[in-house]
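Trainee: A structural model of the following input is requested.
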Amino acid sequence: MSEKTSDTLPDRLSVDPNSPYYDADVLARNVGVRFKGQDKTNVEEYCVSEGWVRLSVGASKDRHGNPLTMKLSGPVEPYFREG
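Mentor: All right, here's what the predicted structure looks like:
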């Protein structure tokens, strides 16, 4: 691991490479998100300070081929998964 790598997660993170909040180095470390006390595996984007997550809804796609998402508010806890 490099010295630049830290154990703190960004306040806002997205899995979409076109987003300004996308960070491939952080995502490569296997980030998990707990929303309202439950682990979520379909999180497209989150923001801790504003308290919301954007979850993908099924396998549906929009006209640009991106997954359809729903924004939900509540406590967000990102963490690094083990392994």
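Trainee: got the buried residues for the top strand by length along the chain?
Mentor: Criterion DSSP state E: the longest strand present in the chain is strand 52-61. For strand 52-61, the neighbour count (16 or more other CB atoms under 10 Å) marks 52, 53, 54, 55, 56 as buried. Just so you know, the C-beta spots here come from the backbone N, C-alpha and C atoms, and that holds for glycine as well.
Trainee: per-residue pLDDT, the fourth one?
Mentor: Residue 55 carries a pLDDT score of 96 in this model.
Trainee: I'd say it and residue 69 touch.
Mentor: Yes: contact criterion CB atoms under 8 Å: residue 55 and residue 69 qualify, at 6.3 Å.
Trainee: list the residues that contact both of the two?
Mentor: Counting by CB atoms under 8 Å, 6 or more residues apart in numbering, the shared contacts of residue 55 and residue 69 are residue 44.
Trainee: if we take the buried residues of strand 52-61, which one ends up nearest to residue 29?
Mentor: Nearest to residue 29 among the buried residues of strand 52-61: residue 53, at 18.8 Å, using CB to CB.
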